[in-house]
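> A predicted structure for the sequence below; I have some questions about it.
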Amino acid sequence: MGLGLWFIVILAGAMGQFVDTLAGMGFGAFSSSFMIAGGVAPALVVATVNVAKVGSGLFSGLAHWRFGNVRWKWAGPLALSGVAGGVLGGSLLVHIPQGLTRFWLPVLLLLMGLLLLRRFLFEATAVPSVVGASTEWDPPARAGLWWNAVRKWKAASTGVQLAVIGLFGGVINGLSGAYGPFTTTSVLLTKGGHPRYSVGSVNLAEFFVAGAVSVAILSQINWAEFGWQLPVGLIAGSILTAPLGAYLSRRLPLRSIGVLMGIAMVGLNVFSLLRSLA
């Protein structure tokens, strides 16, 4: 691995871990965006990110379990369906022409950056202005097909809801390396409660999903092309900035962190799209 690629991967790990430590999500999404913008092949990017997340996901999931942040009735369906979705997404990524993935993978990551911007810019609208007021949103009594679908989704069992979220989260992770922005946000919006339960349950499930995606991609690409230097560089970069992110997370407003992360993701992936079109 050349010196330039080492620099790109280490910097991607450093920036990804920095925003993940600050905002509780974004390691996969941001580091993937950075490496794609740096010219690394999409399949190698996703495989690298997921191999690195196997270790970090294990320790993170165990820590959340130790502090009581994991709800097993949430983590189980998320992990089982997420593994299936991750294998599907990883297999699709390998078999799609690289020229095509260099275009639509930044599109997917760009949309996730916009989703993060929307979430953090309008997060205050989900907070009740009156103590004890409900944050639930109910569709009108006279509703069309869309509203009926929303009502049925809200009435579905917890297992079904989480299995659907886990499946789509796994597919997105297999295609982009990004798991937290979609899955954590969806679980939080669907199940409610304190955010720590959504974050903890998703973090534990991510360990299994990342492992499945890693196996799915690495079993179908040239191992010599992959090289273990890539995840080592990503992990090395993450070690550099984790303490700084943890320090600043206690002092910076969460909304500012999320907005900055969204802006960075949008900017990186717009650059990648322009380069792929050129």
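Alright, I've got the coordinates.
> Phe122: neighbour count?
A count of neighbours around Phe122, defined by other CB atoms under 10 Å, yields 10. To be clear about C-beta, it is placed using only N, CA and C from the backbone, and glycine gets the same treatment.
> quick one, what contacts it?
Shown in contact with Phe122 (CB atoms under 8 Å, 6 or more residues apart in numbering): no residues.
> and what of Arg102?
Counting by CB under 8 Å, 6+ apart, Arg102 makes contact with Ile36, Pro42, Ser272, Ser276.
> quick one: Leu110 and Met265 touch, right?
Yes: with contact defined as CB atoms under 8 Å, Leu110 counts as touching Met265 (7.2 Å).
> of the two, who's got more company?
Under the criterion of other CB under 10 Å, the comparison of Leu110 against Met265 puts Met265 first, with 29 against 20.
> for the more buried one, which non-adjacent residue is closest in space?
Gly113 (3.1 Å; CB to CB, 6 or more residues apart in numbering).
> pull out the buried residues from the helix or strand where that neighbour lies.
Using DSSP states H and E, Gly113 maps to helix 98-121. The neighbour-count check on helix 98-121 (16 or more other CB atoms under 10 Å) flags 101-102, 104-106, 108-113, 115-117, 119-120 as buried.
> avg pLDDT for it?
For helix 98-121, mean pLDDT is 77.
> now that helix, how far from the centre of its chain.
Its chain's C-alpha centre and that of helix 98-121 lie 11 Å apart, by CA atoms, centre = their mean, to the nearest Å.
> point out where the stretch 151-278 of the chain drops to low pLDDT.
151-156, 192-195, 222-227, 245-247, 249-250, 254, 257-258, 261, 278 (pLDDT under 70).
> helices of that one, start to end?
Counting by DSSP state H, counting those that start in this stretch, the stretch 151-278 of the chain has helices at residues 158-176, 180-191, 195-218, 223-226, 229-249, 254-277.
> now render the ones you listed as CSV, adding distance to Leu88.
Formatted as CSV, the helices of the stretch 151-278 of the chain follow (distance: least, CB to CB, whole Å):
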stretch, distance to Leu88
helix 158-176, 6
helix 180-191, 15
helix 195-218, 8
helix 223-226, 20
helix 229-249, 22
helix 254-277, 23
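> sorry, back to before: which residues touch the residue nearest to Met265?
Going by CB under 8 Å, 6+ apart, Gly113 touches Ala29, Ser33, Met261, Gly262, Ile263, Ala264, Met265, Val266, Asn269.
> before we move on, back to that, let me know the closest of the buried residues of helix 98-121 to Trp74.
Closest approach to Trp74 among these (CB to CB): Arg119, at 19.6 Å.
> just the buried ones from the contacts of Gly113?
Buried members of those, scored by 16+ other CB under 10 Å, are Ala29, Ser33, Met261, Gly262, Ala264, Met265, Val266, Asn269.
> excluding chain neighbours, what is closest to Val49?
Excluding the flanking residues, the one nearest Val49 by CB to CB, 6+ apart is Gly177, at 3.6 Å.
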